[in-house]
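*Asks:* could you work out the structure for the sequence below:
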Amino acid sequence: MTNNLAERTELDMVHINAMFMEEHGRASDHDPLLAQIDFSQPAVPGEQQADPDFTGETAVITAGEFDAEGELAIEFTEGTIEELLQSGKDLLIDLPSADLTLTAENLQQLALAAGQGFNLELAVDDVATVDNRPTLTQQLNIAVTDPEGNEVDIDFSSAFTLAFATDSQVKVQLGAREDERGKWKIIEGELDGDTFTLSVNEFGNYTVVTNKGQAKKR
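*Replies:* Numbering: from 1, shown residues only. Model (predicted):
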């Protein structure tokens with residue numbers, strides 16, 4: 001006997017004996033216990049099965065826990081992809097410091113490029129500066145791999161959006177994307193309150209930066 005299942009077990013008493021007398025036909029003066037044991041696999045940091053919530057106008061997946069290296073792989077099965085495509089809805093990946101929104105057209109193009117299922121590979125990193133510019137958010141690296149682990153190279157015909165949580169008091173905010181040579185390129189975005197949004201056509205490594213001295217201005 002061990003206590004390994006204690007935290008995943010609920011017990012409840014079924015009152016079929018103790019409330020009755022022998023003349024009422026009770027079999028014992030003891031009531032049985034009903035045990036409910038959860039045998040589902042516990043969540044593993046860095047791994048997640050895509051399970052979209054379709055109740056709203058946009059399908060939503062809330063990102064799970066990243067692992068110690070700051071990585072999270074969200075697995076999309078063929079059935080999940082088919083369900084998304086049939087819904088005709090955009091898909092929002094709700095991340096701690098950013099939101100990734102793929103349009104229905106993006107999803108169709110991604111499904112054709114990746115084939116039967118794919119993994120959305122996400123990685124976050126905290127870096128103080130990018131190309132000598134102060135960063136305002138974490139870096140978010142986005143990639144897609146097929147079931148064999150091969151990266152899927154895709155240039156979307158229509159833009160997807162990355163909405164980063166930033167500081168509205170920093171007036172100068174710019175998007176930045178790392179190219180294949182490790183060089184960062186500045187790209188335009190839109191600041192609305194505490195959210196800075198980029199509209200882009202390629203997966204990759206993104207962040208939000210400002211000019212030197214701007215991060216200290218309030």
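
*Asks:* for the longest strand belonging to the chain, which strands pair with it and how are they oriented?
*Replies:* Secondary structure of the chain per DSSP state E: the longest strand is strand 155-165. Using DSSP bridges, strand 155-165 pairs in its sheet with strand 98-102 (antiparallel), strand 195-202 (antiparallel).

*Asks:* can you tell me the centre-most residue of the chain?
*Replies:* In the chain, the centroid-proximal residue (CA atoms, centre = their mean) is residue 63; its distance is 2.3 Å.

*Asks:* that one and residue 122 touch, don't they?
*Replies:* Yes: contact status for residue 63 versus residue 122: in contact at 7.1 Å, counting by CB atoms under 8 Å. The C-beta positions use only the backbone N, C-alpha and C, and glycine is treated the same way.

*Asks:* about what we covered before: give me whichever of the strands paired with strand 155-165 is most buried.
*Replies:* strand 98-102 (a mean of 21; mean count of other CB atoms under 10 Å).

*Asks:* please list the outside residues in contact with it.
*Replies:* Surrounding strand 98-102, the residues in contact under the criterion CB atoms under 8 Å, 6 or more residues apart in numbering are 58, 90-93, 110, 137-138, 140, 142, 160-165.

*Asks:* go through the helix or strand immediately after it in the chain and flag the buried ones.
*Replies:* Beyond strand 98-102 in the direction of the C-terminus, DSSP states H and E gives the next helix or strand as helix 104-114. For helix 104-114, a neighbour-count test (16 or more other CB atoms under 10 Å) marks 104, 106, 107, 108, 109, 110, 111, 114 as buried.
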